[in-house]
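In: Okay, predicted coordinates and the sequence, questions at the end:
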Amino acid sequence: MAQSVATWNVNSLKVRLPHLLEWLERAQPDVVCLQELKCEDSAVPRDAIAAAGYHVVTHGQKTYNGVAILSREEARDIQRNIPGFTDPQSRIIAATVGETRVVCAYFPNGQAVGSDKYAYKLEWLAALTLWLRGELERHPRLILTGDFNIAPDERDTHPDWKDGILVSPPEREAFRALLDLGLGDAFRHFEQPERIYSWWDYRMNAWRRNFGLRIDHLLVTPALAEELASCSVDTAPRELERPSDHAPVIARFL
DNA sequence: ATGGCAGATGGAATCTGA
């Protein structure tokens, strides 16, 4: 099986490619789920990814969204977006790697509580949950990972973070509904230091103040939870020049 | 401190992100 699975919202695959390649070399993940490629499938730098030792499957989109799964072992049974949920935005790609079903997701942001985009976010979350209920019956070894755009509870926000989008009760209830399907938060499977986040706004000197949110997650079924060895945020890439505003999160298995 | 940043598009100003 995969020994490690990571997620990283790269905020433009084109701009972040050097960071990605450097990180693959250092962290040596077996599976990497990427979000916000911001490019079409035809613009994915496949040669550079192959040279780094990874297969890649993508569900790209021009300008916004776009997701990919990189894997040491070739991915199979690839699915794009949620069946039966018509969505012009490329937010999901799922595939099987080894014995593990990997669902890579870029959850909608929602913009502001009460907005049209917020309504879309909640509809999308409901469709995702309904779909996953069936997927979990077929795949005892499943990992749902990506940029959830939800900070699950107060531990996942800087103490000064006020209410609003990403932390509203309906969003947190939707996150809870995913856990209620039988999934566990890999990060919370372990004792963790306080104030660990995965995203920091480019503005406000947020990174230097650690004014962040933990919104990038890996949720696993019990069969995978039993094999978890660690789960941590790797903040090193956030220190680089022209960083993504998200840091990669990686789960390692026994 | 919720802005003032960053990326894409297109070739300036606007949209989106979170």
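Out: In hand now; what should we look at?
In: quick one, what contacts A:Gly66?
Out: A:Leu13, A:Gln35, A:Glu36, A:Leu37, A:Lys38, A:Cys39, A:Glu40, A:Thr58, A:His59, A:Gly60, A:Ser90, A:Tyr106 (C-beta atoms under 8 Å, 6 or more residues apart in numbering). To be clear about C-beta, it is placed using only N, CA and C from the backbone, and glycine gets the same treatment.
In: Give me the nearest residue to the first one, chain neighbours excluded.
Out: For A:Leu13, the nearest residue in space outside its immediate sequence neighbours is A:Leu37; the separation is 4.3 Å by C-beta to C-beta, 6 or more residues apart in numbering.
In: from what I can see, the one you found looks like it's in a strand, true?
Out: No. Looking at A:Leu37 with DSSP: H, G, I helix; E, B strand; the rest coil, it is coil, so not inside a strand.
In: Please tell me the pLDDT value assigned to it.
Out: At A:Leu37, the predicted lDDT confidence score is 98.
In: Now A:Ser232: which helix or strand?
Out: Following DSSP states H and E, one finds A:Ser232 within strand A:228-233.
In: With DNA strand B in mind, check whether that strand reaches it.
Out: No. Using C-beta under 7 Å from any atom of the strand, strand A:228-233 never reaches DNA strand B; the gap is at least 14.1 Å.
In: just checking, what packs against that strand?
Out: Applying 3 or more C-beta pairs under 8 Å, 6 or more residues apart in numbering; DSSP states H and E, we find strand A:228-233 packed against strand A:216-220, strand A:249-253.
In: Each with direction, which strands does it pair with?
Out: Using DSSP bridges, the strands paired with strand A:228-233 are strand A:249-253 (antiparallel).
In: Pull out the buried positions in the strand or helix carrying A:Arg208.
Out: Assigned by DSSP H and E, A:Arg208 belongs to helix A:206-209. Under the neighbour-count criterion of 16 or more other C-beta atoms under 10 Å, helix A:206-209 has A:Ala206, A:Trp207 buried.
In: How about stretch A:202-218?
Out: If you call a residue buried by 16+ other C-beta under 10 Å, then stretch A:202-218 has these buried ones: A:Ala206, A:Trp207, A:Phe211, A:Gly212, A:Leu213, A:Arg214, A:Ile215, A:Asp216, A:His217, A:Leu218.
In: Run the chain-centre distance for stretch A:149-166.
Out: With C-alpha atoms, centre = their mean, to the nearest Å as the basis, stretch A:149-166 stands 17 Å off its chain's centre.
In: C-alpha coordinates for stretch A:39-57, CSV please?
Out: What follows is stretch A:39-57 as a C-alpha-only set of coordinates in CSV (Å, rounded to 0.1, in the frame of the first residue of the first chain):
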residue,chain,number,x,y,z
CYS,A,39,-4.5,25.2,-15.7
GLU,A,40,-6.1,22.9,-18.2
ASP,A,41,-5.1,19.2,-18.5
SER,A,42,-3.1,20.1,-21.6
ALA,A,43,-0.9,22.6,-19.7
VAL,A,44,0.1,20.1,-16.9
PRO,A,45,3.9,19.7,-16.8
ARG,A,46,3.8,16.0,-17.3
ASP,A,47,7.4,15.5,-18.3
ALA,A,48,8.7,17.2,-15.2
ILE,A,49,6.4,15.2,-12.9
ALA,A,50,7.4,11.9,-14.7
ALA,A,51,11.0,12.8,-14.3
ALA,A,52,10.5,13.2,-10.6
GLY,A,53,9.2,9.6,-10.5
TYR,A,54,5.4,10.1,-10.4
HIS,A,55,2.4,9.2,-12.5
VAL,A,56,-0.2,11.9,-12.7
VAL,A,57,-3.9,12.1,-13.4
